[in-house]
Each structure stands twice: as structure tokens, then as C-alpha cells.
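> prediction below, plus the sequence it came from.
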Amino acid sequence: MSDLVTHFIGGLPVAEGETFAGYDPVTGREVRRVHEADRSVVDRAVSAARAALPGWSGLQAAERAAWMRRLADAIEERFEDLVAAEIADTGKSITQTRTLDIPRGAANFRSFAEIAAQHPENAFHLKDVLSYTVRRPLGVVAVIVPWNLPFLLATWKIGPALVAGNTVVVKPSEHTPGSMAVLAEIAASIGLPPGVLNVVNGFGPGSAGQFLVEHPGVDAVTFTGESRTGSAIMKSVADRVKPVSFELGGKNAGLVFADADLDAAVEGAVRSVFTNGGQVCLCTERLYVERPVFGEFVARLAGRARELAFGRPQDEHTTMMPMISAEHRDKVLSYYALAEDEGAEIHAGGGAPRFGDDRDGGYYVEPTVLTGLPSGSRVNREEIFGPVCHVAPFDAEAEAVALANESEYGLAATVWTSSLSRAHRVAQSLEAGLIWVNTWYLRDLRTPFGGVKLSGIGREGGTRSLDFYSEPTTITIKLEPGRAEI
Ligand SMILES: NC(=O)C1=CN([C@@H]2O[C@H](COP(=O)(O)OP(=O)(O)OC[C@H]3O[C@@H](n4cnc5c(N)ncnc54)[C@H](O)[C@@H]3O)[C@@H](O)[C@H]2O)C=CC1
Ligand SMILES: O=C(O)/C=C/C=C(\O)C(=O)O
């Protein structure tokens with residue numbers, strides 16, 4: 001990827017529009033310029049996707065699946081370029097990028113190629129009447145994604161949208177255009193038909209994001225990001241009643257029971273609170289720990305938080321990454337200050353680290369462990385999206401469930417216990433779309449993925465993705481005259 005990022009329209013790079021700066025989160029230095037799409041560039045991208053639609057949707061599903069496998073193979077051939085692009089944009093550690101972000105991108109294409117083969121079509125044959133459904137693509141799909149898992153999240157939507165016969169226009173986050181620029185190069189290099197995958201860059205409101213979702217040639221919108229943004233997008237597509245699939249914010253709870261394997265629960269909490277700098281919608285920000293093990297759990301979690309390593313992304317031992325931007329770092333630090341104002345006790349972190357080198361210009365914050373706040377405090381209610389959690393004690397299972405459910409969000413939850421019946425009972429009582437027991441972020445791409453309440457609308461994953469990205473049409477044929485119509 002060069003340090004000038006262009007759009008990708010109709011199979012070609014398009015260098016149009018003003019440019020804006022991109023910054024290295026590790027040092028805060030400007031490292032790239034990105035073209036911003038205005039309405040006319042967005043219009044060209046949507047027109048290119050529209051023009052490609054008949055040819056692409058007219059392919060046999062197996063032919064589209066073969067393209068998805070080719071994309072996955074080509075991603076693996078350009079693996080290190082994608083790793084470098086993702087690290088340059090986000091400051092993620094090389095270990096995480098090599099084991100999670102980029103392999104998941106290839107898996108997103110490969111797995112939907114397989115899942116498409118199993119997508120159900122129904123046929124009901126009553127006496128003298130045959131009813132069956134065929135699935136048709138929605139048309140041109142707008143894919144709007146955030147900066148925290150740029151490649152993983154974009155491909156999670158592009159794969160099923162394409163395999164279902166749609167064409168797409170992707171708008172990556174303004175902070176992280178790099179890996180989509182490499183994917184565009186990959187698509188061109190394998191000869192993916194022009195216009196099937198298009199990429200436009202820019203911001204959200206008043207820029208490429210808003211122009212894209214509002215465009216009358218866009219038939220559906222899939223979005224991952226903040227709940228408020230989901231709500232804004234919903235308003236802008238309401239007039240045309242476009243289908244939306246939203247995976248939004250979270251304020252995820254983790255419940256640790258006294259009968260849990262405490263070593264596993266502490267290590268699980270380290271992963272679920274601090275992975276990706278806490279910048280994953282699935283991260284745990286509220287922990288509830290049964291009182292007999294509360295003190296030990298807090299001390300051990302705080303100790304592990306202090307051990308996390310703020311190295312350079314390229315150092316394989318690095319375990320803490322910077323926040324994505326100066327603005328987001330300031331937002332996270334404002335919550336650290338708010339926690340103090342609200343009366344929290346800080347067991348680890350609470351500020352920004354100093355390095356004495358060029359990383360002092362970057363966007364780092366300390367991994368932070370808090371206690372002592374009431375459940376109604378803002379720190380316990382609002383999504384912070386940083387490496388921070390609040391830990392509170394509980395005395396009874398029902399109390400723990402009630403505390404976990406005391407949230408406007410309902411994306412994910414974790415339960416740590418050695419009791420099988422408690423695991424099922426509690427998991428079935430939690431108001432969240434995704435519940436992990438004695439683990440966190442263990443993914444099977446065939447399962448439904450998404451949240452309840454402010455955390456989203458609909459589910460993607462497995463055939464649920466294909467359900468969203470296609471429309472069933474029911475065809476009913478009267479085979480014999482004389483049957484009464486209903
Ligand atoms: N839960 C989650 O998955 C995520 C939550 N966040 C939270 O959101 C806060 C804001 O971060 P942002 O990057 O601004 O997230 P965001 O949700 O506003 O942006 C995500 C994507 O939506 C686009 N967008 C924004 N407004 C739009 C609009 N009106 N129409 C169409 N596209 C639009 C953006 O350009 C970006 O590509 C963060 O501080 C963080 O707390 C951010 C990223 C992911
Ligand atoms: O699909 C996954 O594995 C992860 C999804 C994570 C998000 O949607 C997020 O952090 O926004």
C-alpha cells in the first residue's frame with residue numbers, strides 16, 4: 001500500500017477528491033494522505049456496482065463461491081502486505097494481526113463459500129399445489145465498517161454479500177483505509193469482474209459514508225460501529241425503507257462465580273478486557289465477581305494489567321496497542337478522570353504511559369482496573385471502548401444476573417463457573433446475543449452473531465448472513481384446476 005490511498009471503482013484505482021491526513025497511532029505522525037469521496041465519486045462507485053450486478057448475480061452460486069476461494073487464496077499470498085497495512089493504520093501488535101485479523105479475512109471468504117452451498121431453499125408440495133422459494137440478491141450493498149478490526153469486519157460482510165450475488169461498495173473507516181486498499185489490489189490481480197467490489201474513502205456525516213447510505217442506488221446497508229451512528233444511518237435510510245443489518249456497541253458483563261477455575265477466569269478477563277486495547281465491541285467492561293473470591297480476583301487482574309507490554313507493534317512480545325486516534329485516547333482518558341470523580345478506586349493504570357521516546361506522541365493509555373462504583377454510574381453504563389473494566393462483588397446468582405442485565409446494551413457476556421447447570425441457567429438468563437462460558441471470543445463462523453437492545457438489529461453469521469444479503473421470493477403454482485384458493 002502506498003502512502004496515498006485512492007478509491008477503487010469498477011476495477012480501477014480512482015484518485016479523486018480532496019485528500020485528508022492519516023496518522024500512525026504509535027507516534028501520532030502523519031503517515032498517509034487519503035482521497036475523500038464526494039457525492040459524484042460515490043455515485044460512480046454505486047453505478048459501477050449496479051452495472052456489474054446482472055453479470056455477477058447471473059453466475060451460478062458455485063461460480064461465485066469459487067471466486068471467494070480465489071480471493072481467500074490471494075489474501076494468503078499477500079498476507080504480509082495486509083499485516084503491514086493493518087499495523088500501519090491501527091498500531092496493533094504483529095502477533096494479533098498475524099493470528100486473528102488477517103487469517104479471519106481469508107476465513108470469511110472461504111467459510112461463506114462453503115456455507116452458501118448449504119443455504120436452504122424450501123419447497124412445499126401440497127396436493128395440487130407447489131410452493132417454493134428462490135433467493136435473489138438484494139442488489140448493491142453498502143458496507144460501512146469501523147477502525148477497530150478493519151480487515152476482519154469488512155470481509156465478514158463482503159464475503160456473504162458477494163457470494164449471495166450482490167455487488168458492494170465498501171466505506172472503510174477514515175482512520176483505517178489501508179487493508180481495503182490492499183484487498184482492492186488483490187481483487188484486481190485475480191480478475192474479479194470490475195464493479196463487483198468497490199471501495200470509497202472518506203468520513204461519515206456530510207461525507208462518503210452518508211452519501212453512500214443515502215444513495216438511491218444502494219439497496220441495503222450493513223454497518224458495524226457505534227449505536228448512535230447506527231441510529232443516524234437508520235434515519236437516513238428510513239424514507240427508502242432499505243434493509244439494515246447493524247452490529248453496534250456493547251457494555252459487556254463478565255460473571256465470575258466462586259466455583260470457577262480462578263486462573264482461567266483471570267486470564268480470560270485479561271483477554272476479554274485488554275485485547276486490541278479494549279477496542280472490540282465484544283470486550284468486557286463490567287465484571288461481577290462472587291464475594292469470596294472478589295479480593296483475590298481484583299488483585300490478580302490488576303497485577304496482570306500492570307504486566308502488559310507496551311512494545312512496538314512489530315515486537316512479538318507486545319501485548320498493549322495504542323488507541324486509534326488522539327480523539328479516542330482523549331475520550332478514554334476522560335472516562336478514567338470521570339471514574340475518579342465518581343469515586344472509583346483505581347487498582348491499575350488510570351492514566352497515559354510515558355516512554356521517553358517517539359511513542360509519547362502516540363495514542364497510548366494504561367490498562368485500567370477500577371472498583372467501588374455503583375451500577376448506575378456513567379462509567380458502568382456507557383461504552384468506553386478502551387482497556388478498562390470495573391469490577392464489583394455479588395452475593396447471589398440472581399443478583400449477578402440482574403446486575404449484568406442492567407444495561408441498555410446486550411451484545412456479549414461471559415460466565416466463569418465449574419457448575420454445568422449454573423452455566424446453562426445463567427447463560428439462558430442473560431440479555432445478550434452472544435454468551436461465552438469459561439472462554440471469550442471463541443468464534444464459529446456458522447453461528448448467528450449480533451446483539452439485542454442498543455447493540456444491534458439482526459444477526460449475521462452462517463446462513464443468517466445469507467438470509468440478510470438475499471431476499472426470498474415465494475412462487476406458488478396451482479397444478480390442477482378446481483382447488484379452492486385461500
Ligand atoms: N462497538 C463498536 O463496534 C464500535 C464502537 N465505536 C465507538 O464509537 C466511537 C466513535 O468512533 P467512530 O469511528 O466515529 O465510530 P462510528 O460508529 O461513528 O464509525 C464507524 C463507521 O461509520 C461511518 N459513519 C459515521 N457516521 C456515519 C453516517 N452518518 N453515515 C454513514 N456512515 C457513517 C464512519 O466513517 C466509519 O466508517 C468510538 O469512540 C467508540 O467508542 C467505534 C468503533 C466500533
Ligand atoms: O466477527 C467477529 O469476530 C468480531 C466482531 C467484532 C466487532 O463487530 C466489533 O468489535 O465491532
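All right, it came through fine. Only a predicted model underlies this, so the values are computations on that prediction, with no experimental measurement involved. Ligands and ions are numbered 1, 2, ... in the order given.

> now residue 32: which helix or strand?
Using DSSP states H and E, residue 32 maps to strand 30-35.

> what residues of the following helix or strand past that strand count as buried?
Heading C-terminal from strand 30-35, the first helix or strand you meet, by DSSP H and E, is helix 39-57. Applying a neighbour-count criterion of 16 or more other CB atoms under 10 Å, one finds 41-50, 52-53, 56-57 buried in helix 39-57. (Each C-beta comes from the backbone N, C-alpha and C, glycine too.)

> around ligand 1, pick out the residues from the stretch 201-350 of the chain.
203-205, 209-210, 213, 224-226, 229, 232-233, 248-250, 281, 328, 331 (CB under 6 Å from any ligand atom).

> okay, now residue 401: neighbour count?
For residue 401, the tally of surrounding residues (other CB atoms under 10 Å) stands at 23.

> let me know the pLDDT of it.
Confidence at residue 401, expressed as pLDDT, is 98.

> for residue 124, same thing?
Reading off the per-residue confidence, residue 124 sits at a pLDDT of 79.

> helix, strand, or coil at residue 134?
Classification of residue 134 using DSSP: H, G, I helix; E, B strand; the rest coil returns strand.

> that one and residue 165 touch, don't they?
No - judged on CB atoms under 8 Å, residue 134 makes no contact with residue 165 at a distance of 11.3 Å.

> which of these two has more residues huddled nearby?
The residue with more neighbours, out of residue 134 and residue 165 and counting by other CB under 10 Å, is residue 165; that gives 22 against 12.

> where does that one sit: helix, strand or coil?
Three-state assignment for residue 165 (three-state DSSP): coil.

> list the contacts for the residue nearest the centre of the chain?
With the centre of the chain defined as its mean C-alpha position, the nearest residue by CA atoms, centre = their mean is residue 153, 4.6 Å away. By CB atoms under 8 Å, 6 or more residues apart in numbering, residue 153 lies in contact with 145-146, 224.

> that one - that's part of a strand, no?
No - assigned with three-state DSSP, residue 153 falls outside any strand and is helix.

> from residue 170, how far off is whichever residue of the chain sits closest to ligand 2?
As assessed by CB to the nearest ligand atom, ligand 2 sits closest to residue 281 within the chain, at 3.4 Å. Spatial separation of residue 281 from residue 170 under the definition CB to CB, to the nearest Å is 19 Å.

> count the residues that sit near residue 254.
Around residue 254 there are 26 residues (other CB under 10 Å).

> ok, it - contacts?
Contacts for residue 254 (CB under 8 Å, 6+ apart) come out as 268-269, 272, 284, 286-288, 389, 413-416, 440.

> what do you get for residue 314?
Under the criterion of CB under 8 Å, 6+ apart, the contact list for residue 314 reads 87, 94.

> so it belongs to a strand, correct?
No - membership of residue 314 in a strand is not supported by three-state DSSP, which gives coil.

> pLDDT wise, what is it at?
If you check residue 314, the pLDDT there is 97.

> any idea how far the residue nearest to residue 46 when sequence neighbours are not counted is from residue 232?
Among residues not flanking residue 46 along the chain, residue 217 sits closest, at 4.1 Å (CB to CB, 6 or more residues apart in numbering). Counting by CB to CB, the gap from residue 217 to residue 232 is 20 Å.

> just residue 250 next, same as before
Using CB to CB, which is the criterion applied here, residue 250 is 18 Å from residue 232.

> then residue 172?
Using CB to CB, residue 172 is found at 18 Å from residue 232.

> near residue 271, how many other residues are there?
The number of residues packed around residue 271, counting by other CB under 10 Å, is 14.

> what packs against the one helix or strand it maps to?
Taking DSSP H and E as the definition, one finds residue 271 inside helix 262-274. With contacts defined as 3 or more CB pairs under 8 Å, 6 or more residues apart in numbering; DSSP states H and E, the secondary structure elements packing on helix 262-274 are strand 252-256, strand 284-290, helix 291-307, strand 388-394, strand 412-416.

> residue 234: neighbour count?
When neighbours are defined as other CB under 10 Å, residue 234 has 16 of them.

> please verify my assumption that it contacts residue 242.
No - with the criterion set as CB under 8 Å, residue 234 and residue 242 do not qualify as a contacting pair; they are 9.4 Å apart.

> please name every helix or strand in contact with the strand or helix carrying residue 80.
Counting by DSSP H and E, the secondary-structure element that holds residue 80 is helix 79-90. Counting contacts by 3+ CB pairs under 8 Å, 6+ apart, helix 79-90 is packed against helix 102-117, helix 150-163, helix 178-189.

> name the helices or strands packed onto the helix or strand bottoming out on mean pLDDT in the chain?
Least confident helix or strand, the chain: strand 123-126 with a mean of 75, by mean pLDDT, DSSP states H and E. Helices and strands touching strand 123-126, as assessed by 3+ CB pairs under 8 Å, 6+ apart, comprise strand 129-137.

> how does it look with 10 Å?
Here strand 123-126 touches strand 129-137, strand 470-478, going by 3 or more CB pairs under 10 Å, 6 or more residues apart in numbering; DSSP states H and E.

> partners of that strand in the sheet?
Strands adjacent to strand 123-126 in the sheet, as given by DSSP bridges, are strand 129-137 (antiparallel).

> flag every residue of the stretch 51-200 of the chain that's near ligand 2.
146, 148-149, 153, 156.

> hmm, back to that, looking at the contacts of residue 153, which is nearest residue 346?
residue 146 (28.2 Å; CB to CB).

> ok, and the closest non-adjacent residue to the closest one?
residue 225 (4.3 Å).

> just send the contacts of residue 153 back as TSV, with secondary structure and neighbour count too.
Below are those laid out as TSV (DSSP: H, G, I helix; E, B strand; the rest coil; neighbours: other CB atoms under 10 Å):
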residue	secondary structure	neighbour count
145	coil	26
146	coil	22
224	strand	26
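
> let me have those in a markdown table, adding pLDDT as columns.
A markdown table is the format used below for these (pLDDT from 0 to 100):
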| residue | pLDDT |
| --- | --- |
| 145 | 98 |
| 146 | 98 |
| 224 | 98 |
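
> wait, which of these is closest to residue 16?
When those are compared for distance to residue 16 (CB to CB), residue 145 wins out at 21.6 Å.

> doesn't residue 155 make contact with that closest one?
Yes - counting by CB atoms under 10 Å, a contact exists between residue 145 and residue 155, whose distance comes to 9.4 Å.

> what's the overlap in contacts for these two?
170, 180 (CB atoms under 10 Å, 6 or more residues apart in numbering).

> just to revisit the earlier point, buried only: go through the residues of the stretch 201-350 of the chain next to ligand 1 for me.
The neighbour-count test (16+ other CB under 10 Å) applied to these identifies 203-204, 209-210, 213, 224-226, 229, 232-233, 248-250, 281, 328 as buried.

> which members of those occur in strands, if any?
Counting by DSSP state E, the members of those that fall within strands are residue 224.

> against which helices or strands is whichever strand or helix holds residue 95 packed?
Under the criterion DSSP H and E, the helix or strand holding residue 95 is helix 94-96. Under the contact criterion of 3+ CB pairs under 10 Å, 6+ apart, the helices and strands touching helix 94-96 comprise helix 79-90.
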